[in-house]
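Can you look at this prediction? I've put the sequence above it.
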Amino acid sequence: MAELSRRKMLMSGGSLGALGVLGMASPAQARPLLEWTWPSSGSVVGSGPGANPRWVWDEEADPVVAGLFERGEVPLVNRLLWNWNRNDQPLPDGLPAQLRDFIERNRVLPSWADRNKLERAADFNERRGLYVNLLNGVGGGMLSTAIPKEARSVYYSAGGADMEDRVAKTSILGFAVGALNAYRPNGTCMVNAVKTRLVHAAVRHLLPQSPHWQGEVPISQEDILVTWHTLPTYAMRKMLEWNVPIPPVDREAYLHVWQVTAHLLGVRDEYIPATWDAAYAQSDQVLPPNMGPTPEGVELTDILLSQLAEQTSPGSISRPLCNALARFLVSDQVAGWDQIPREPFWEGTIRTVWPILVRFREGLIPLPLVPEIAWTVDEALRRYILFYLTKGQETKIVIPTGNRPG
């Protein structure tokens with residue numbers, strides 16, 4: 001692992017300080033959850049056996065994908081699914097029967113899904129896209145690199161060798177969730193969620209074969225929940241912290257679109273929080289013990305911030321500003337784990353300007369056409385980011401065929 005400098009590895013213990021605003025555990029305590037106490041009565045279905053999600057994977061997807069590898073069918077499947085994009089699009093001919101049956105069963109909304117809430121969530125994303133994209137993209141990215149299992153899983157899987165491609169494919173799902181037509185027939189969220197579920201199963205099959213991987217099989221139900229809470233739960237908490245006025249009906253709708261997404265990603269319904277209070281309680285249980293520093297996380301953070309700086313405005317100012325923005329979005333402790341450099345001038349500037357920007361933007365939101373204009377700008381930015389990451393080439397979520405080389 002030559003690209004992980006010895007200096008960064010030595011530094012990782014030197015800037016950790018006191019608990020940050022997210023209340024993270026100290027790195028010496030960072031470890032997967034050993035005891036599961038979150039009650040399934042707080043889930044969308046209100047009950048469940050209560051098994052510790054650390055020891056639960058995907059009993060439906062895993063054997064299907066393992067069979068594809070055993071029969072050498074992964075390249076064929078990737079070719080056939082390449083142009084399968086829309087929620088209402090029939091599956092292509094020629095897929096292995098077991099895979100076709102799996103996809104058909106799992107490309108549908110759960111019985112508890114509420115179409116009205118999904119439409120309200122689309123409206124919320126139209127009006128709050130700036131905050132959501134910033135928090136899910138930059139903020140969630142910085143949190144994910146401070147999750148040891150996730151950082152190592154990304155680094156040593158195939159995606160770790162080409163982070164631009166890896167981020168582009170992750171963004172495809174994230175943008176699909178936030179799209180105005182996410183779960184409409186002409187949307188893409190159901191397709192991309194199922195494809196991502198297949199990718200997770202492939203990583204569970206491949207990564208234990210890597211000489212760099214140690215411990216249990218990756219991407220357990222707990223691991224997905226941990227990542228889930230770095231997205232909607234973290235984003236909602238930050239928006240409320242910034243005094244963004246969000247009516248209860250919008251909060252419920254935003255939670256619901258992510259509840260449905262979790263289901264389509266293969267999370268058991270008994271683990272999906274039914275309310276924000278239940279989500280906050282679950283996040284407080286699973287996130288702190290799963291966070292801490294790793295050399296892989298430090299390296300990935302540096303790559304992600306370098307990409308962000310290049311996407312925005314190439315030059316000497318851009319990277320310090322991106323460092324300061326990242327530190328603003330997460331706690332000092334997480335920033336220390338990620339080894340994000342301090343930028344006193346830009347940090348002070350962002351702390352001063354951001355509340356003013358929020359008040360100004362929220363003052364404009366009620367005006368006619370402002371939500372539509374804001375969405376157009378946000379959508380243009382998303383398309384630019386994807387174009388940059390993919391270098392203008394068509395990129396889609398595909399099943400990996402190996403681990404990171406070397």
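Thanks, I have it. As the structure is a computational prediction, the values presented were derived from the model and not from experiment.

mind checking pLDDT for Leu130?
Here the pLDDT value assigned to Leu130 is 82.

now Ile356
Reported pLDDT for Ile356: 82.

That one is in what secondary structure piece?
Using DSSP states H and E, Ile356 sits within helix 344-364.

what does that helix rub up against?
130, 242-245, 320-321, 323-325, 327-328, 370, 374 (CB atoms under 8 Å, 6 or more residues apart in numbering). Placement of C-beta: from N, CA and C, glycine included.

Least confident of the residues you listed?
Among these, Val370 has the lowest pLDDT, at 44.

list the contacts for the nearest residue to Gln221 once chain neighbours are set aside?
Counting by CB to CB, 6 or more residues apart in numbering, Gln221 lies nearest to Pro53, which is 3.6 Å off, once chain neighbours are set aside. Counting by CB under 8 Å, 6+ apart, Pro53 touches Leu33, Trp36, Ser220, Gln221, Glu222, Leu225, Arg268, Tyr271, Val286.

Surely the last one is in contact with Trp228?
No. Here Val286 lies out of contact with Trp228, judged by CB atoms under 8 Å, at a distance of 9.3 Å.

Just flag the most distant two among the contacts of Pro53.
Leu33 and Arg268 (15.5 Å; CB to CB).

What separation do you get for the residue lying closest to Ala161 once chain neighbours are set aside and Arg359?
Setting aside the residues directly before and after it, Ala161 is nearest to Arg404 in space (CB to CB, 6+ apart), at 4.8 Å. Separation of Arg404 from Arg359 (CB to CB, to the nearest Å): 45 Å.

How about Leu321?
For Leu321, the distance to Arg359 - CB to CB - is 21 Å.

And those two? Which one has more around it.
Leu321 (20 against 13; other CB atoms under 10 Å).

Show me what counts as buried in the strand or helix carrying that one.
Using DSSP H and E, the element containing Leu321 is helix 318-329. Buried residues in helix 318-329, counted by 16 or more other CB atoms under 10 Å: Ser318, Arg319, Pro320, Leu321, Cys322, Asn323, Ala324, Leu325, Ala326, Arg327, Phe328, Leu329.

which one of those residues sits closest to Leu308?
Closest to Leu308, out of all of the buried residues of helix 318-329 and judged by CB to CB, is Cys322, at 4.8 Å.

how many other residues sit next to Val244?
So Val244, with other CB under 10 Å, has 17 neighbours.

Hmm, I typed the wrong one, I wanted Arg237.
Using other CB under 10 Å, Arg237 has 18 other residues around it.

State the distance from it to Leu321.
From Arg237 to Leu321 the distance is 24 Å (CB to CB).

what's near enough to touch Asp223?
Contacts of Asp223 (CB under 8 Å, 6+ apart): Lys149, Glu150, Ser153, Asn290.

so what does the helix or strand following the helix holding Leu321 touch, helix or strand wise?
Later in the chain than helix 318-329, the nearest helix or strand by DSSP H and E is helix 332-337. In terms of contacts (3 or more CB pairs under 8 Å, 6 or more residues apart in numbering; DSSP states H and E), helix 332-337 is packed against helix 140-144.

can you list contacts of whatever helix or strand comes next after the helix it packs on?
Remark: after helix 140-144, the chain's next helix or strand is helix 148-156, criterion DSSP H and E. Identification of contacts with helix 148-156 by CB under 8 Å, 6+ apart yields 30, 32, 144-145, 160, 166, 203, 207, 210, 212-213, 215, 218-219, 223, 226-227, 290-294, 296-297, 299-300, 403-404.

Report the spatially closest residue to Ser157, excluding sequence-adjacent ones.
Sequence neighbours aside, Val203 is the residue nearest to Ser157 in space, at 5.2 Å (criterion: CB to CB, 6+ apart).
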